[in-house]
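Engineer: missing the sequence, but the structure's below:
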């Protein structure tokens with residue numbers, strides 16, 4: 001019997017979700033960075049900078065950026081760990097990974113770029129000092145498996161950073177819903193020629209676990225001292241947990 005999972009507000013077969021998500025990112029890859037700036041009014045840059053600051057990375061350390069897309073975080077991590085450290089960029093989507101690899105090269109950063117599934121990471125256990133996933137977890141079919149894999153590849157004392165859309169402060173929810181379901185798809189159609197992918201984005205945010213639920217999921221994956229920081233009134237939350 002085929003199990004179903006969420007694809008936005010739709011229910012689809014589990015083996016179909018990955019293909020559909022791939023279609024979304026193949027469609028938006030060329031305008032992904034521009035759309036991020038427009039739809040967040042540039043705030044995504046501040047959210048990612050905060051994430052890097054909370055990483056506690058030092059020169060010489062090893063970082064895995066899961067579902068790293070166009071390498072915004074990977075580039076900043078690379079500057080933190082310096083030439084003595086290692087940053088590995090991964091994404092399941094070739095279009096996004098190619099853009100990320102090219103952006104790293106343009107920034108003068110030589111780093112591995114690996115196409116892989118976050119639910120089956122091809123890396124040794126207990127290896128990385130820090131693992132990050134920014135705006136990628138909600139697209140994964142089995143979030144529990146992905147979190148367990150990220151915990152597996154962390155060394156003892158390492159930390160996992162999950163930056164993701166979350167639950168906004170309730171009084172702002174009506175305005176946020178109007179923006180998400182009216183303005184965002186229209187902006188996607190105008191700039192990227194694709195309203196459906198940005199409608200999926202809005203829907204996937206609503207289906208993603210809230211702050212406390214994701215905290216519990218990280219704890220169930222074996223992470224400890226899990227905490228979260230609400231950013232922009234909860235539009236986004238950064239969760240941080242440690243492998244002890």
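Structural biologist: Noted; the coordinates are in hand. Note that this is a predicted model, so its numbers are computed, not measured.
Engineer: name the residues of whichever strand or helix holds residue 26 that are buried.
Structural biologist: For residue 26, the element it lies in under DSSP states H and E is helix 14-28. Neighbour counts over helix 14-28 (16 or more other CB atoms under 10 Å) mark 17-18, 21-22, 24-25, 27-28 as buried. No exception for glycine: its C-beta is placed from N, CA and C like everyone else's.
Engineer: from those residues, which is closest to residue 98?
Structural biologist: residue 25 (11.3 Å; CB to CB).
Engineer: check contacts around the closest one.
Structural biologist: Residues near residue 25 by CB atoms under 8 Å, 6 or more residues apart in numbering: 32, 69, 93, 95-96.
Engineer: now rank those by neighbours and give me the top one.
Structural biologist: residue 69 (26 neighbours; other CB atoms under 10 Å).
Engineer: what lies in contact with stretch 229-242?
Structural biologist: Contacts of stretch 229-242 (CB under 8 Å, 6+ apart): 43, 46-47, 50-51, 54, 157-169, 172, 176, 211, 214-215, 218-219, 223-228.
Engineer: wait, doesn't residue 72 sit right on residue 49?
Structural biologist: No - the pair residue 72 and residue 49 does not pass the contact test of CB atoms under 8 Å, sitting 9.5 Å apart.
Engineer: the closest residue to residue 37 other than its chain neighbours and residue 202: what is the separation?
Structural biologist: Distances taken as CB to CB, 6 or more residues apart in numbering put residue 44 closest to residue 37, at 7.3 Å, once the chain neighbours are dropped. With distances taken as CB to CB, to the nearest Å, residue 44 is found 16 Å from residue 202.
Engineer: name the residue in the two with the higher neighbour count.
Structural biologist: The neighbour comparison of residue 44 against residue 202 (other CB under 10 Å) goes to residue 202, with 22 against 19.
Engineer: any idea how far residue 35 is from that one?
Structural biologist: The gap separating residue 202 from residue 35 is 13 Å, by CB to CB.
Engineer: what segments of the protein are strands?
Structural biologist: Here the chain has its strands, by DSSP state E, at 4-7, 10-13, 62-66, 86-91, 113-115, 128-134, 154-165, 224-231, 236-242.
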